[in-house]
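Chemist: fold the following.
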Amino acid sequence: MVEYMEGARSRADTGSVSERVSADPAFVRLRRRFALNAGLLVAGLLVSYTLYLLLSAYARDLMGVRVVGSVNVALLLGIGQFAVTFALAWAFGRVCERGTDPLAERIRDRVRDEETVTGRVVGR
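Modeler: Numbers count the residues shown, from 1 in each chain. Down below sits the predicted model:
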């Protein structure tokens, strides 16, 4: 019975910490920043791929232009989709390293310090 009560208290403490953190303006800013970054990444990928599809469907003459030997514009743009994907993923990582990750670390450290002060150890 005592173990059950301690487990319930621990779950309640975890809930209150997560509720406080989710209402924290810094956490809200972190979520917005991440959502904006992820949205821009997805939008960039969709625009790039949609442009490639539209060119493939409606600009057949342009896509059929030979560049070198049997390599044409369509093949180069198709391979370019991989380059665009990797470039956007790299840019997303850089933006997160500079803006999102430091903010997340500050929030995490503040929560851990708060847990240490109150005597609770949650999520370690």
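Chemist: for the rest of this, base every contact and every neighbour count on C-alpha atoms.
Modeler: Will do.
Chemist: nearest residue to the middle of this protein?
Modeler: When Cα atoms, centre = their mean is applied to the chain, the residue found nearest the centroid is Ala38 (4.8 Å).
Chemist: can you pull the pLDDT of it?
Modeler: On the pLDDT scale, Ala38 is placed at 94.
Chemist: in which helix or strand would I find it?
Modeler: Ala38 belongs to helix 25-58 when assigned by DSSP states H and E.
Chemist: distance check, Val68 against Gly44.
Modeler: Val68 sits 29 Å away from Gly44, going by Cα to Cα, to the nearest Å.
Chemist: and those two? which has more neighbours close in?
Modeler: Just comparing Val68 and Gly44: by other Cα atoms under 10 Å the higher neighbour count belongs to Gly44, 15 against 8.
Chemist: report pLDDT for the closest residue to Asn37 other than its chain neighbours.
Modeler: Nearest residue to Asn37, sequence neighbours excluded (Cα to Cα, 6 or more residues apart in numbering): Phe92, at 6.9 Å. At Phe92, the model reports a pLDDT of 93.
Chemist: give me the distance from the strand or helix carrying Phe92 to the chain's centre.
Modeler: For Phe92, the element it lies in under DSSP H and E is helix 73-95. Relative to the chain's own centre, helix 73-95 is displaced by 17 Å; criterion: Cα atoms, centre = their mean, to the nearest Å.
Chemist: can you list contacts of stretch 64-79?
Modeler: Here stretch 64-79 makes contact (Cα atoms under 8 Å, 6 or more residues apart in numbering) with Tyr52, Ser56, Leu62, Met63.
Chemist: so where is this protein shaky, pLDDT-wise?
Modeler: Counting by pLDDT under 70, the low-confidence segments of the chain come to 1-15, 116-124.
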